[in-house]
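>>> sequence plus predicted model, see below.
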Amino acid sequence: MTLTANPSVDRTIEVDRLIRGELHRATGARVQPGGKGINVARALVRNGLKARAVVPAGGADGDHLISLLRDYNIDVVRVPTAEPVRSNISVVEPDATVTKVNESGPHLSGAELETLCDTLMSHVADAEWVVAAGSLPPGAGEDFYADLIARLATTGAKVVVDTSGPAFRTSVKAGPALVKPNLDELEEAVGRQLDTVRDVVDAAQELRALGAGTVLASLGSKGAVLVEEAGVWCANASAEPRSSVGAGDAMLAGFLAAGGSGPQALATAVAWGAAAVSLPGSTMPGPEDVGARRVRVDPRPEWDEKVRE
Ligand SMILES: Nc1ncnc2c1ncn2[C@@H]1O[C@H](COP(=O)(O)OP(=O)(O)OP(=O)(O)O)[C@@H](O)[C@H]1O
Ligand SMILES: O=P(O)(O)OC[C@@]1(O)O[C@H](CO)[C@@H](O)[C@@H]1O
């Protein structure tokens, strides 16, 4: 089950070359349902698994988002809101450079946020995992995910958090089973620059000491690092990048689909991530895209390897 507190209608526009201040004629365009939790649900369903997505959605743009999600066969639970769903725009160039503009999103009232949490709680009974992912909408406090983790502790569900800024660090302290920061988010959470695999593992251990069970850190083309109770592993898979939007969400979905712990799940995660980055827009990969992608898993990490691209 996924919660996307600040979903979007994602618009991807392809151009030959982006030049600030110029008129561009698009060479391609697509509209897809967006937001990190929604993307995780799309990736799971694309691979034959079940996923329910809880989504606050208002206005005509909200209607549009819900109808797009139904086209993808997602089991959607809509929570109506007064203000409309946002649109996020990605401009993609042929070398896969993405320029992204995300709106801040609709303001959700206290009552709407409460209904969102109550709705999630009333649909959680059969969920093994609850993925709370993406930015928070204006109106939600930085402890929104932390409060949710506390409420979910009374259920059997394991909580995954993938968010950024102060809400990320606050949610880590509430003890989620798993967090999926990218390099920037991990750096922000520990308050320092991370240059090597050793730095990433140390930062991940710091998050585990704060309260996170497992840390799955995504490192773009450098793959991912998994730090859990049982050990530390690094993995990567090569890709011909086309659009990185949603690659982290596909990576997380692959990890959960393969059991949510250990090196085999990490290998599946980076295979899904590499497949996603090879597809246009925020298209989630299916089995034919993941295929027999070659994945390298290092049981002994190269501690001094650089993690910046
Ligand atoms: N150029 C690339 N080549 C191979 N794999 C890639 C590449 N870029 C990304 N990936 C895969 O996708 C995963 C996620 O990438 P990244 O760290 O950019 O996630 P992210 O910033 O969370 O992305 P998003 O927020 O758009 O979903 C990586 O862990 C890796 O497995
Ligand atoms: O603004 P947020 O919530 O941080 O991120 C939203 C977003 O950029 O994340 C997804 C890719 O991971 C996109 O579908 C969506 O547009």
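Everything's here; your move. Model, not experiment: these values are computed from the prediction. Ligands and ions are numbered 1, 2, ... in the order given.

>>> write out the residues of the stretch 51-200 of the chain neighbouring ligand 1.
Where proximity means Cβ under 6 Å from any ligand atom, the interface of the stretch 51-200 of the chain facing ligand 1 comprises residue 182. C-beta here means a position set from N, CA and C on the backbone, and glycine is covered the same way.

>>> distance of residue 159 relative to residue 119?
As for residue 159, its distance to residue 119 is 16 Å (criterion: Cβ to Cβ, to the nearest Å).

>>> neighbour count: the two, which is higher?
residue 159 (26 against 17; other Cβ atoms under 10 Å).

>>> my guess is that one meets residue 147, correct?
No. Contact criterion Cβ atoms under 8 Å: residue 159 and residue 147 do not qualify, at 11.6 Å.

>>> can you pull out the helices in the protein?
Counting by DSSP state H, residue ranges of the helices within the chain are 36-46, 59-71, 110-122, 144-152, 165-173, 183-190, 197-210, 247-257, 262-277, 287-290.

>>> and stretch 289-300, what's buried?
Buried residues in stretch 289-300, defined by neighbour count with 16 or more other Cβ atoms under 10 Å: 289-290, 293, 295, 297-298.

>>> kindly check the end-to-end length of it for me.
Counting by Cα to Cα, to the nearest Å, the length from the leading to the trailing residue of stretch 289-300 is 28 Å.

>>> wondering if that stretch reaches ligand 1 at all.
No. Counting by Cβ under 6 Å from any ligand atom, ligand 1 has no neighbours in stretch 289-300; the shortest distance is 9.2 Å.

>>> run the chain-centre distance for that stretch.
Mean C-alpha position of stretch 289-300 versus that of the full chain (Cα atoms, centre = their mean, to the nearest Å) differs by 20 Å.

>>> who touches it?
The list of residues contacting stretch 289-300 from outside it, by Cβ atoms under 8 Å, 6 or more residues apart in numbering, reads 47, 223, 231, 233-238, 254, 263, 266-267, 270-272, 274-276, 278-279.

>>> quick one: average confidence on it?
Regarding stretch 289-300, the rounded mean pLDDT is 89.

>>> how about stretch 77-94?
Computed over stretch 77-94, the average pLDDT equals 98.

>>> buried ones in that stretch?
By neighbour count with 16+ other Cβ under 10 Å, stretch 77-94 contains the buried residues 77-79, 81, 83-88, 90-92.

>>> out of these, which two sit at the greatest distance?
Taking Cβ to Cβ, the two most distant members of those are 77 and 91; they sit 31.9 Å apart.

>>> quick one: pLDDT of the residue in the chain that ligand 1 sits nearest to?
When distances are taken as Cβ to the nearest ligand atom, the chain reaches nearest to ligand 1 at residue 248, 2.2 Å away. For residue 248, the model assigns a pLDDT of 98.

>>> neighbours of the residue nearest to it when sequence neighbours are not counted, just the number please.
Distances taken as Cβ to Cβ, 6 or more residues apart in numbering place residue 218 nearest to residue 248, at 4.9 Å, with adjacent residues excluded. Applying the criterion other Cβ under 10 Å, we find 24 residues in the vicinity of residue 218.

>>> got a list of what residue 218 touches?
In this structure, residue 218 makes contact with 180-183, 224, 247-248, 251, 273, judged by Cβ under 8 Å, 6+ apart.

>>> just to check, residue 64 is in contact with residue 9?
Yes. Judged on Cβ under 8 Å, residue 64 makes contact with residue 9 at a distance of 5.9 Å.

>>> common neighbours of those two, please.
Counting by Cβ under 8 Å, 6+ apart, the residues touching both residue 64 and residue 9 are residue 85.

>>> comparing these two, which residue is more hemmed in?
For residue 64 versus residue 9, the count of surrounding residues by other Cβ under 10 Å is larger for residue 9: 22 against 17.

>>> count of residues packed around residue 154?
Counted by other Cβ under 10 Å, the residues lying close to residue 154 total 9.

>>> tell me where the stretch 1-150 of the chain has strands.
Using DSSP state E, counting those that start in this stretch, the strands assigned to the stretch 1-150 of the chain run over residues 2-3, 8-14, 28-34, 52-57, 75-80, 86-92, 98-102, 129-133.

>>> distance from the first one to the middle of the chain?
In terms of Cα atoms, centre = their mean, the centre of strand 2-3 is found 10 Å from the chain centre.

>>> adjacent strands (with direction) for it?
Within its sheet, strand 2-3 is paired with strand 52-57 (parallel), strand 129-133 (parallel), according to DSSP bridges.

>>> so the shortest one, near ligand 2 or not?
No. Strand 129-133 lies apart from ligand 2 when judged by Cβ under 6 Å from any ligand atom; the minimum separation is 7.7 Å.
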